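Enquirer: One predicted model, sequence on top.
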Amino acid sequence: MRERSFRFWRRYALELLGVGLGAALFFLIISALGAQPEALTGVFMSVPYYIMMGCSFALVLCCFSIHISYIPLVLAMGSTRREAFWGFLLCRTAVVVVAVALSLLVWAFLPGDVARDGRKLLPLLCLILLLAANLGSLMGLIYQKWRGIGVALLALVCGAVGGGCAMLVMSDSYSVPLFPSRIGPLGWWTAMGTVLWLLMAAADLLLTRRSLRRSEVKL
Amino acid sequence: MKLQCTDLVKTYGYLNAVDHVDLTLEQGKIYGLIGRNGAGKTTLLSLLTAQNPATSGEVELDGQRVWENRSALDHLCFSRELNISPETGLGNIKVKEYLRIASVYYPHWDAGMAQRLVALFRLPVKKKLQKLSKGMLSMVTIVVALASKAEFTFLDEPVAGLDVVARDQFYKLLLEEYSATGRTFVISTHIIEEAADVLEEVIILREGKLLMVENVQDLLDSARYVSGRAEEVDAAVTGLEIHHAESMGRSKGVAVLLRQGQAIDESRDVTVQPMSLQKVFVALCGEEEKA
């Protein structure tokens, strides 16, 4: 990828990360405001969960809109389709890597059960982020072909994810740190998540490449 | 440097939007691309700049394929007409963000010129594209086209929605830039009369087919409108290339294109008038009334 294209996608990745971390901060503040004083430590030890929630949300929305707004725009500015494909991939991968690295950083320096459980959960959190990116991208592709279905899917997914996040954040300050113990066998979830991610990633990459090869710029 | 397309075809279902077009664009000229609505102008520009894939045919810049070729694309800029619709999501982008993205992608971007043009057109850079009027959107595309400094710059309806002062400013800027740099500009427009003064070559498309590529002055020199009594007109233009004949009672008017060595028989009782580019275009592309 040429330097100019890299500059564009790097900036977009930073903006996407900003949206994700902003949402995480919002979730954290809401949780902290609603928490009892003795539960505050647990809330702050759960920061990586909020990062995961915020970044998943940002990835779904931004990967959706990249297909609709940014890819046509960069093609109109003279980008090659190959550059757009790799830039898009680089952008979302960077967000996942930074979100996971931040989570690892938080949990690496914190003592206690929450951090220990959280470290074990990192592969699963990483999978959730990757799945969010694939889901957003696939919905964007569906929107290009069938506008109504794309909008309905986006509303459904955002409603479900947003509602889930809100319930988790608002309900009980003790809930989030207990998340690992509530989801059951971690290995099973990770294995299922990996299979699902591989399937969605394959579909996403193939369809994105195909769409890029055929797409026509309309601004 | 030259941009060339060979046997270029773009098909949508059964419609040939661009139909076997062969065209060579040379450096250092201002081309006007004219045609009726739906003639395939935007599609042709999109194909020439690799923004749309062709059904068949090739586009080459100095012998290098343009499609997916970064080094060739660096020399091209197609500043398309912005039609902001809610579905694209582009409307939420601010003018300064749009220009920033352009500055990232065009390798020879002239930031100083972009700033000067933004000030000249009084563009509200902090506004979102969806908040701009049609004329202001055209100004944004003009800023991108001129500041890109691309050797081959294509403008799709650059004066759409612009008031007469802004249109005049645009043509002046275009000529200044052309004189200073020798860049090639291809301008698609419906306002032919205004553009005629700045165009060097005219490319006429009709129903996806390339009807004509001609030097504007040569075309105007060869075009004549002959009118008078029908039998006198018919006699005066016998053997000439006749376009767009009109009859009104016993009177008749025809547009003729004279080839080298041809002349109208002016001994007949007819009136011979020169034609404007717009009249020539109407004669070539308008509905023909069979005499």
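Expert: Cool, the structure landed. Numbers count the residues shown, from 1 in each chain, chains lettered A, B, ... in the order given.
Enquirer: At the contact with chain B, which residues of chain A appear?
Expert: Residues of chain A found near chain B (CB under 8 Å from any CB of the partner chain) are A:2, A:4-5, A:7-8, A:11, A:65, A:68-69, A:72-83, A:147, A:213-214, A:216-219. Bear in mind the C-beta positions are built from the backbone N, C-alpha and C, glycine included.
Enquirer: Give me the buried subset of those residues.
Expert: With burial judged by 16 or more other CB atoms under 10 Å in any protein chain shown, the buried subset of these is A:4-5, A:8, A:65, A:68-69, A:72-81, A:83, A:217-219.
Enquirer: what ranges do the helices span in the chain?
Expert: All of this refers to chain A. Assigned by DSSP state H, the helices in chain A fall at A:3-34, A:40-45, A:47-65, A:71-76, A:81-109, A:113-145, A:147-171, A:179-182, A:186-214.
Enquirer: meant chain B, my bad for not saying
Expert: B:41-48, B:70-73, B:95-105, B:111-121, B:134-148, B:164-181, B:192-196, B:216-222, B:230-236, B:277-285.
Enquirer: Which neighbouring elements make contact with the third one?
Expert: Applying 3 or more CB pairs under 8 Å, 6 or more residues apart in numbering or on different chains; DSSP states H and E, one finds that helix B:95-105 makes contact with helix A:3-34, helix A:71-76, helix B:111-121, helix B:134-148.
Enquirer: next one: the shortest one
Expert: In this structure, helix B:70-73 makes packing contacts with strand B:64-65, judged by 3+ CB pairs under 8 Å, 6+ apart.
Enquirer: So which residues make contact with the strand it packs on?
Expert: The contact list for strand B:64-65, computed with CB atoms under 8 Å, 6 or more residues apart in numbering or on different chains, reads B:58-59, B:71-72.
Enquirer: Can you tell me which of the residues you listed lies closest to residue B:237?
Expert: Distance to residue B:237 across those (CB to CB) is lowest for residue B:59, with 39.3 Å.
Enquirer: Confirm for me that that closest one is in contact with residue B:9.
Expert: No - Residue B:59 is beyond contact range of residue B:9, at 11.7 Å (criterion: CB atoms under 8 Å).
Enquirer: Give me the more crowded residue out of the two.
Expert: Between residue B:59 and residue B:9, residue B:59 has the larger neighbour count (other CB atoms under 10 Å in any protein chain shown), namely 22 against 16.
Enquirer: Could you measure from the residue nearest the centre of chain A over to chain B?
Expert: What sits nearest the mean C-alpha location of chain A, by CA atoms, centre = their mean, is residue A:56, with 2.6 Å. Plainly put, residue A:56 is 20 Å away from chain B if you go by CB to the nearest CB, to the nearest Å.
Enquirer: ditto for residue A:111
Expert: Counting by CB to the nearest CB - residue A:111 and chain B are separated by 44 Å.
Enquirer: contacting residues around residue B:60?
Expert: B:3-6, B:66.
Enquirer: List just the nearest of the residues you listed to residue B:120.
Expert: Nearest to residue B:120, judged by CB to CB, of the contacts of residue B:60 is residue B:3 at 29.1 Å.
Enquirer: That closest one and residue B:150 touch, don't they?
Expert: No - look at residue B:3 against residue B:150 with CB under 8 Å: they stay out of range, at 11.1 Å.
Enquirer: low-confidence ranges in chain B?
Expert: For chain B, the stretches with pLDDT under 70 are B:87, B:287-291.
Enquirer: How about the residues of it by chain A?
Expert: Going by CB under 8 Å from any CB, the residues of chain B near chain A are B:46, B:49, B:51-53, B:68-70, B:73-74, B:76-78, B:80-84, B:87-90, B:92-93, B:101-102, B:104-107.
Enquirer: so how many other residues sit close to residue B:83?
Expert: 12.
Enquirer: Could you count how many residues lie near residue A:205?
Expert: 14.
Enquirer: And the residue nearest to it when sequence neighbours are not counted, what's its pLDDT?
Expert: With CB to CB, 6 or more residues apart in numbering or on different chains as the criterion, residue A:205 has its nearest non-adjacent residue at 7.9 Å, and that residue is residue A:89. You'll see residue A:89 listed with a pLDDT of 93.
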